[in-house]
Every structure is written in C-alpha cells, then in structure tokens.
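Peer 1: no sequence on hand, only this structure:
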C-alpha cells in the first residue's frame with residue numbers, strides 16, 4: 001500500500017510493539033524450514049503492534065515485502081499472543097485442533113462486557129473468526145506468555161498457567177515480587193521452564209551460586225561507586241523537589257508499592273529468582289517455603305539486590321538474563337540443574353553486562369539464534385548490543401569473528417594444559433577475577449551468597465569428580481560493555497534526509513549510505529520529549545540485500561557472508577529498521593591475535609513504515625485457507641501428529657509403525673522418550689585435556705617367548721604354537737599351565753614409523769615383528 005504524493009500526517013498512536021514467535025516462524029516444528037541450509041529458506045519476522053485502538057500483525061518474509069496478516073479496531077489491547085499449536089500425545093489431544101491458529105487477547109472491554117477493564121483473556125479462532133474461550137479474572141491482567149505446553153497469564157504479584165490443549169487451569173503462583181514497572185510482574189517463559197521474581201529467599205531451596213555482587217573490582221569501579229552515592233543523593237533531592245512542586249508522575253512509586261505489601265506480610269526480599277519446570281510442577285498452587293518439597297522447582301537464587309525489572313531465556317533455555325530496576329548492570333546466568341532438588345542445582349553467573357551509570361528501565365531482551373549476541377532495549381529507546389558466549393569467558397576475535405560458534409577452548413589450549421596453570425594462579429591469589437587479594441568478587445566474599453564451605457571441595461576430590469560443572473570452583477565472572485548502542489531517531493527523517501526518495505507504506509527501501517560515513521546527529525527522543533519509548537528488537541537474516549539487488553536471484557549462501565545476523569528494531573513510530581552489525585578487531589590493538597577484543601560498526605540498511613493510518617481497512621478473520629498463519633498452523637499440527645505417532649486427520653491411513661496404541665501399551669514410553677531425546681541438551685563434564693588424536697600415545701612391543709617359538713604379534717589372526725617338527729599344534733589353552741608367563745621375555749622393540757597417506761610404504765614387510773597402521777584405514 002504505497003502512497004503516491006504527500007504522505008498523510010495522521011497516524012494512529014502506537015502503545016506497544018513486539019516480535020512474536022508462532023507456528024509461522026517455528027523452525028523446529030514447521031517442515032517448511034527443515035531444509036533450512038540447503039534452500040536458503042528463512043522464517044519470516046512476525047511483528048505485533050498494539051494501538052490505542054486495536055492491534056495489527058505483520059509478516060516480513062525473507063524477500064523483504066511486508067505483508068499485513070491481521071488488523072482490527074476494537075478498543076485498546078494490553079497484551080496479545082498468537083498461540084502456537086500445542087504438543088500432543090496419544091493420551092493428550094488438542095480440543096481446539098480445528099479452530100487453530102488461536103489469538104489470545106486482553107482487551108479493555110472483555111467478551112462479557114460486565115467485568116472490570118483488562119480482566120479477561122479472550123481466545124479467538126483466526127480460522128473461523130469466533131471466540132472459542134474466555135478466561136475471567138478478578139484483578140487486571142498485565143501480560144500473556146505462551147509456549148507449546150502452557151498459556152501463562154500474568155497478574156499483579158500472581159501468575160496463572162493453563163494447559164495449551166484444554167485451557168484448564170494447571171498451576172498458579174501467588175508469591176511474585178511487585179515491580180514498579182514498566183513490567184509490573186516480570187517473568188520469562190522458555191520452551192519448558194518458567195522464571196519469575198520470588199518475594200523471599202528460602203535457604204533450604206537455594207541453589208549454589210547466583211549473583212556475584214555488582215562490585216567490578218578496579219579503579220573505575222571505585223570511582224563509579226563514589227559517583228553512585230552522589231547520584232543517589234541527587235535523585236533523592238530530585239524526588240523531594242518534584243513532590244514539593246507537585247509534578248510527581250501518576251504511577252505508584254517503588255516505595256509506595258513496598259509499603260502497601262509490607263502491611264500484609266513479612267518484609268519482602270527483592271531480586272530473588274525462582275525457575276520452575278512447567279511439566280513436573282504439581283497442579284494447584286506453587287509454593288516455595290520451608291515446608292514445601294522442591295517438586296518442579298529447578299533453581300532458586302539471588303540475582304540482584306534491587307527488584308527485578310525484566311527477564312528472558314535464550315533459545316536453548318539454559319541461559320537466563322535478568323535486569324533490575326536501576327538498569328546499570330544486566331546479569332547472565334547459566335542454569336545447571338539437578339534432578340533431585342533445586343538446592344543441588346548450580347547457577348553460574350557468567351556475565352555482568354554493564355550498560356552505564358544512568359538509570360533506565362529495560363523493556364525488551366533478545367538473543368541471536370546462536371546465543372553469541374544479546375540486545376537489551378531500554379525505555380529511553382536505546383538498544384545495547386553485547387557479545388557473550390553460551391559457556392562464558394571473554395568475547396574476543398576467536399569467538400565472535402567466525403560465522404559459527406567455536407568451542408570454549410581451542411585445540412592448542414586443550415593440549416597445552418593451560419587450564420591447570422590458570423587454576424593454580426587463581427587459587428593462589430584467592431580472587432575469582434581480581435588481581436588484588438582481598439578484593440575478590442568470589443562467592444564467599446559476596447553478600448548475596450550463602451557461605452560455601454570447603455566440604456564441597458572435599459566432596460569433589462572424594463567423589464573423584466573434578467569436572468562436574470555443578471560443583472566448585474564456579475567459573476569466573478566476566479564484565480562486558482556494549483559494543484554498540486543504537487538510539488531511536490525522533491523520526492526517520494534523520495536517516496532518510498541523505499538517502500533520496502522515501503517510499504511510504506509497507507514497501508522496503510534501502511539506505512545506500514556507506515557504513516564509513518558519519519551518520520547525521522540523532523536526537524535521542526528521551527532528551528527532547530522526556531517520554532518513554534516502546535521499542536523491540538530481534539535478530540534475523542538480512543532482507544536489505546533484496547532491496548539493493550532486486551533483479552538478482554538470491555544465492556544459497558548469501559546470508560552466510562555476515563558473521564552476525566541483522567538486527568531489526570521497531571520503534572514507537574512504527575518504523576522497522578534493519579541494522580547491519582559488523583564486528584571487527586579493536587582498531588587500537590597493536591597486534592591482532594585470537595584474544596584481541598572487539599569493536600563493532602553498525603549502520604541502518606533498510607526501513608519499513610508499518611504504522612496504520614485511520615483510512616486503512618481492517619483485516620479480520622475468518623481467513624482463507626491459504627492465509628500464511630493458517631498454512632503454518634496446519635503444517636505444525638501435521639508434524640505434531642507424526643511426532644506423537646497418531647494418524648493426522650484427513651490422511652488416508654496409518655503412517656506410524658504402531659498399528660494400535662492400545663495393544664502396545666509398552667511402546668508409549670519408548671515413543672515419548674524418542675521425542676524427549678531429540679530435544680535434550682546436555683552439558684557434560686569436561687573431557688581429558690589431551691585427546692587421543694592429539695599426538696602419538698601408543699607403543700608397540702614384540703613379545704619373544706622363551707622355550708617355544710610362539711609369536712604373539714598384532715598381525716597374527718590366531719595364536720598358534722609351533723613345535724620342533726613344524727606341525728601345527730592346537731590353539732593354546734590359557735586355562736592350563738603350559739604357558740609360563742614369567743618366562744616370557746618382554747623387550748621393548750621400536751616399531752616402524754607409522755605410514756602416512758602419500759608417503760612411501762616401508763620396503764621390508766616384516767609382518768611378525770611390527771605392524772604398519774595405515775592412517776587412511
């Protein structure tokens with residue numbers, strides 16, 4: 001819908017924006033993307049925009065031509081989700097299979113009309129257009145989250161979870177810590193785990209590890225902490241002044257919320273995170289207390305000293321990023337679970353991502369697909385790009401300049417035994433990452449940690465288990481600064497003034513300005529307006545390539561030329577911009593090696609204007625069968641039926657190897673195990689520091705027996721004894737005492753050199769003496 005002539009000034013007001021994960025871009029369950037590396041078939045970006053009146057859903061496929069999938073005006077929407085097709089099995093079928101895909105909406109005026117605003121979740125079928133389910137609550141809803149197992153409704157200080165197949169209530173949590181906003185009750189939902197902010201720390205459930213304190217021990221840290229104290233004083237003065245002048249914002253402050261909570265129960269502890277397993281947790285209320293058992297509780301640990309503001313799991317669900325209400329530092333934790341209880345689990349604090357010293361509230365966290373980059377967006381409209389490794393350690397040229405993820409240790413490090421030397425050095429100094437003794441940010445030195453005694457270390461040695469990642473020593477903490485900070489311009493004008501004509505509407509236009517040129521000065525919206533700006537970011541394959549080369553065909557490996565995927569940021573003005581990220585070695589480094597730190601060049605490449613105007617028509621269900629969301633739902637449901645070993649509806653006959661599930665009850669577990677194993681991710685113990693193939697470790701010896709002339713060599717297929725008359729005797733019986741082992745004279749004889757491919761073979765074929773092992777065999 002490209003406009004010719006002057007663009008209309010009137011645009012609808014955007015309240016929230018979000019990138020959505022649904023069946024349409026589910027690479028693991030949508031068969032269309034299973035050939036992802038051969039056909040260059042990339043999943044589309046799915047984008048939801050909430051307006052002051054209604055909402056809209058966009059798809060941006062790899063071609064770059066944005067497509068509107070859904071648009072409606074029915075009053076303000078606080079939260080909406082496209083529900084993914086649920087996981088089914090022989091025992092558990094989907095009650096709403098013929099209605100999918102479903103859209104879950106929390107509107108100001110619910111379906112019943114009588115309830116208070118934002119107090120019910122309505123589930124609409126995009127296939128038929130009807131409302132299939134409405135879930136009512138007494139208090140306002142703040143957010144919706146969903147995966148293929150559950151639908152999670154977030155209320156103030158409460159969480160309610162419903163089964164994806166039946167929408168029956170599964171479990172609920174009532175002990176969430178109240179947050180002043182923008183996220184009133186921050187949670188993170190992975191593919192199976194649910195993390196939320198707990199309001200107290202229960203010692204008997206506390207996992208090992210957790211946050212290592214925000215003390216970056218260096219000269220700068222000391223200066224920073226001094227600046228912090230001055231700044232706290234200033235903000236206090238500022239608050240008093242605003243209260244006196246009467247310009248305090250209408251929203252409740254953190255102190256007021258806490259005072260309100262303290263009236264009802266014992267004082268709350270901020271910054272505690274609990275992670276529960278949504279599959280194994282018991283039905284009904286989930287209670288973390290001294291008396292409760294730890295069924296379903298995966299981990300329970302302190303993450304910050306201030307209240308938690310935002311959380312997110314990485315795609316694999318093993319890493320958790322948490323941010324607090326100050327927004328100075330973000331923490332990256334690796335969760336290593338124990339099947340028995342949460343107190344045996346370990347939570348490794350891998351990174352502190354240091355944003356800065358000004359206060360900012362985080363609204364969006366996004367990981368790249370390979371978990372090497374994380375983008376944190378604040379309400380000021382700035383997106384901070386941090387490099388991390390899924391296994392921790394300092395990001396450098398070796399880890400972040402290759403298109404693929406590299407191992408934690410290079411081959412050289414593995415075989416050189418550097419790890420042992422490092423461990424000796426760190427144990428002597430006593431610090432985790434500090435060169436100054438006594439200033440260590442080690443777990444025992446941190447106020448957040450329970451005392452970790454030497455018993456654990458002793459247990460490690462007695463159990464002969466030096467490589468168990470859950471036990472001490474914990475990995476060292478790394479402080480990472482953002483490589484790029486992308487601010488949202490006031491309008492797209494700052495980008496487009498120097499790039500010629502601008503295509504209004506949903507088409508893509510390219511920004512041909514070279515990366516080297518200095519960008520036009522961008523006014524940060526927070527400084528000029530003083531407001532808060534909703535932004536969302538996501539990583540994806542580059543789509544600007546098409547805009548620049550529209551006539552050419554896309555090559556198979558076109559997207560592989562970039563080390564990092566493009567970063568897409570949607571602003572509160574409805575403009576989606578693709579930023580190309582180019583990491584490179586630090587330009588000031590005298591010599592570039594594997595360990596050289598990184599810097600990053602970013603430049604905007606393409607933009608889409610997706611904001612709706614009042615003249616646009618609505619696009620409401622029921623949709624045709626060839627609508628992208630319906631096609632994707634059909635594909636994923638079909639795949640789910642095959643996974644569960646069931647006959648998909650509409651298919652001619654059984655496709656599974658089991659004729660009947662009733663007759664083969666024992667096969668249920670086997671089938672479920674297979675599906676489970678295909679999705680498991682194991683962090684095993686560290687292997688030997690020197691692998692078998694890293695050098696010659698074999699010696700070949702020839703045994704010269706005394707008395708008899710038995711030749712035991714590696715080339716003889718049978719063990720034979722030759723008497724003096726050279727007549728073949730029967731095989732030696734080792735049970736008899738014929739062979740006196742003490743009389744064997746074992747002399748070390750040097751073996752022949754190992755023949756390598758391409759080298760001439762040894763001339764003499766001395767079979768009885770030594771063996772030639774061909775390296776190509």
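Peer 2: That came through fine. Everything quoted here is computed from the prediction, not taken from an experiment.

Peer 1: show me where this protein has helices.
Peer 2: Counting by DSSP state H, the chain has helices at residues 36-39, 219-245, 254-262, 397-400, 411-416, 418-429, 454-462, 493-496, 525-529, 544-548, 628-643, 667-678.

Peer 1: name the nearest residue to residue 134, sequence neighbours excluded.
Peer 2: residue 111 (4.6 Å; Cβ to Cβ, 6 or more residues apart in numbering). Where you see a C-beta, it was placed from the backbone N, CA and C, and this is true even at glycine.

Peer 1: tell me the contacts of that neighbour?
Peer 2: 120, 122, 131, 134 (Cβ atoms under 8 Å, 6 or more residues apart in numbering).

Peer 1: for the third one, list each beta-bridge partner.
Peer 2: The residues listed as beta-bridge partners of residue 131 by DSSP bridges are residue 124.

Peer 1: please verify my assumption that it contacts residue 124.
Peer 2: Yes - using Cβ atoms under 8 Å, residue 131 is in contact with residue 124, at 5.3 Å.

Peer 1: so between those two, which is more surrounded?
Peer 2: Neighbours per residue, other Cβ atoms under 10 Å: of residue 131 and residue 124, the larger number sits with residue 124, 24 against 14.

Peer 1: one step back: any chance of the contacts of residue 111 in CSV, with distance to residue 386 and pLDDT too?
Peer 2: CSV is the format used below for the contacts of residue 111 (distance: Cβ to Cβ, whole Å; pLDDT from 0 to 100):
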residue, distance to residue 386, pLDDT
120, 38, 92
122, 38, 94
131, 42, 94
134, 41, 93
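
Peer 1: buried ones only from those, please, as a PyMOL command.
Peer 2: Buried residues among these (16 or more other Cβ atoms under 10 Å), as a PyMOL selection:
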select buried, resi 120+122
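
Peer 1: pipe the contacts of residue 111 into a markdown table and attach distance to residue 301 per row.
Peer 2: Listed next are those as a markdown table, based on distance: Cβ to Cβ, whole Å:
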| residue | distance to residue 301 |
| --- | --- |
| 120 | 34 |
| 122 | 36 |
| 131 | 41 |
| 134 | 37 |
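
Peer 1: quickly check the contacts of residue 111 for the two that are furthest apart.
Peer 2: By the measure Cβ to Cβ, 120 and 131 form the most distant pair in the contacts of residue 111, at 10.7 Å.

Peer 1: what ranges do the strands span in the stretch 101-250 of the chain?
Peer 2: 102-107, 120-125, 131-136, 141-146, 150-155, 158-163, 169-173, 187-189, 193-198, 208-209 (DSSP state E, counting those that start in this stretch).

Peer 1: least confident of these, on average?
Peer 2: When the strands of the stretch 101-250 of the chain are compared by mean pLDDT, strand 208-209 comes last with a mean of 90.

Peer 1: so what are the sheet partners of that strand and their directions?
Peer 2: In its sheet, and by DSSP bridges, strand 208-209 pairs with strand 346-354 (parallel).

Peer 1: just for the stretch 251-400 of the chain, where's the confidence low?
Peer 2: 251-266 (pLDDT under 70).

Peer 1: let's see it at 50
Peer 2: 251-264 (pLDDT under 50).

Peer 1: quick one, strands of it?
Peer 2: Applying DSSP E, counting those that start in this stretch to the stretch 251-400 of the chain gives strands spanning 272-277, 284-286, 297-302, 308-313, 319-324, 329-336, 346-354, 362-367, 373-378, 382-387.

Peer 1: could the ones you listed go into CSV alongside distance to residue 562 and mean neighbour count?
Peer 2: As requested, those are exported to CSV (distance: least, Cβ to Cβ, whole Å; neighbours: other Cβ atoms under 10 Å):
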stretch, distance to residue 562, mean neighbour count
strand 272-277, 34, 25
strand 284-286, 43, 15
strand 297-302, 35, 26
strand 308-313, 23, 25
strand 319-324, 23, 26
strand 329-336, 24, 24
strand 346-354, 23, 24
strand 362-367, 17, 23
strand 373-378, 12, 25
strand 382-387, 14, 23
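
Peer 1: nearest to residue 413, of the ones you listed?
Peer 2: Here strand 346-354 is closest among the strands of the stretch 251-400 of the chain (Cβ to Cβ), at 18.3 Å.

Peer 1: tally of neighbours for the nearest residue to residue 167 once chain neighbours are set aside?
Peer 2: Sequence neighbours aside, residue 133 is the residue nearest to residue 167 in space, at 5.3 Å (criterion: Cβ to Cβ, 6+ apart). By the criterion of other Cβ under 10 Å, residue 133 has 19 neighbours.

Peer 1: which ones are touching residue 133?
Peer 2: 96, 122-123, 167 are the contacts of residue 133 under Cβ under 8 Å, 6+ apart.

Peer 1: specify the beta-bridge partners of the closest residue to residue 298 other than its chain neighbours.
Peer 2: Distances taken as Cβ to Cβ, 6+ apart place residue 275 nearest to residue 298, at 4.3 Å, with adjacent residues excluded. Per DSSP bridges, the residues bridged to residue 275 are residue 195, residue 299.

Peer 1: what residues are up against residue 275?
Peer 2: 193-195, 297-300, 320, 335.

Peer 1: farthest-apart pair in the residues you listed, please.
Peer 2: Most distant of these, by Cβ to Cβ, are 297 and 320, 14.6 Å apart.

Peer 1: tell me how many other residues surround residue 680.
Peer 2: Counted with other Cβ under 10 Å, residue 680 comes out at 6.

Peer 1: what's the distance between it and residue 479?
Peer 2: In this view, residue 680 and residue 479 are 32 Å apart by Cβ to Cβ, to the nearest Å.

Peer 1: may I ask which helix or strand of this structure has the lowest mean pLDDT?
Peer 2: helix 525-529 (a mean of 34; mean pLDDT, DSSP states H and E).

Peer 1: what's the burial count for residue 403?
Peer 2: 12.

Peer 1: turn the strands of the stretch 101-250 of the chain into JSON lines, including distance to residue 289.
Peer 2: Shown next, in JSON lines, are these (distance: least, Cβ to Cβ, whole Å):
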{"stretch": "strand 102-107", "distance to residue 289": "30"}
{"stretch": "strand 120-125", "distance to residue 289": "29"}
{"stretch": "strand 131-136", "distance to residue 289": "27"}
{"stretch": "strand 141-146", "distance to residue 289": "25"}
{"stretch": "strand 150-155", "distance to residue 289": "21"}
{"stretch": "strand 158-163", "distance to residue 289": "16"}
{"stretch": "strand 169-173", "distance to residue 289": "12"}
{"stretch": "strand 187-189", "distance to residue 289": "20"}
{"stretch": "strand 193-198", "distance to residue 289": "11"}
{"stretch": "strand 208-209", "distance to residue 289": "20"}
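
Peer 1: of these, which is nearest residue 371?
Peer 2: strand 187-189 (14.6 Å).

Peer 1: partners of the closest one in the sheet?
Peer 2: Going by DSSP bridges, the partners of strand 187-189 are strand 193-198 (antiparallel).
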